[in-house]
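In: got a structure for you, letters missing:
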């Protein structure tokens, strides 16, 4: 092991009561039978659950498919390896001679597994609340990026995706009224869900903006239809 694991503990912001857990988490199977595979199994489950929990809270209108896709974009080998590199996790790993010769300390799969194992070790050392705090801190930038991407989708797109995911017909938009002078028109548009006979309205300075407003109004009613 190239670096003192206690330094890694300081990077994590968690002082281990049972330092042997951290050492086990940093030991690859190539280094011997007492390795991090079981902790990796635990950490993988914890990360998946915690990301599911926070996505469920942040996106109350998202369906199971959308939530699963967002979680997969957050929790995958590449993203975990990137987080591991950010804390120089490879410097702390205990690897067998063969893995060392082939640069295993920089391999995505080994880094991702080790990060999962470290989080599993934190759970066994300090419990769920401490693990949750650490996971949410580590994933905070990626979560904010995911939220920004979802927010950037316009209401018509989000409504269409929601309906398609449930195999429901697409909404129908109808111009109800065009008022005002030619240079300052106001459009009133309805949005209809044909299979539920639910209708909303929106106004805007163009047909497109009015449709977006009507779609947004429908999104706000969506849990009731």
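Out: Arrived safely, thanks for sending. No experiment lies behind these values; they were computed from the predicted model shown.

In: C-alpha from now on. contacts and neighbour counts both.
Out: OK.

In: distance check, the residue in the chain sticking out farthest from the centre against residue 144.
Out: For the chain, the largest distance from the centre (C-alpha atoms, centre = their mean) belongs to residue 181, which lies 46.8 Å off. Noted for residue 181: a distance of 42 Å to residue 144, by C-alpha to C-alpha, to the nearest Å.

In: ditto for residue 105
Out: 29 Å.

In: who has more neighbours out of those two?
Out: A count of neighbours by other C-alpha atoms under 10 Å puts residue 105 above the other of residue 105 and residue 144, at 23 against 11.

In: any stretches of this protein with poor pLDDT?
Out: For the chain, the stretches with pLDDT under 70 are 1-2, 151-152, 223-225.

In: can we see that at 80?
Out: 1-3, 60-63, 65-66, 147-153, 165, 182-183, 222-225 (pLDDT under 80).

In: what segments of it are strands?
Out: When assigned using DSSP state E, the strands of the chain occupy the ranges 172-179, 186-193, 198-204.

In: list the buried residues in the single longest helix found in the chain.
Out: Counting by DSSP state H, the longest helix found in the chain is helix 128-152. Neighbour-count burial for helix 128-152 flags 131-132, 134-136, 138-139, 143, 146 (criterion: 16 or more other C-alpha atoms under 10 Å).

In: kindly report the same for stretch 166-184.
Out: In stretch 166-184, counting by 16+ other C-alpha under 10 Å, buried: 170-171, 173, 175, 178.

In: ok, and what's touching stretch 141-153?
Out: 58, 70, 74 (C-alpha atoms under 8 Å, 6 or more residues apart in numbering).
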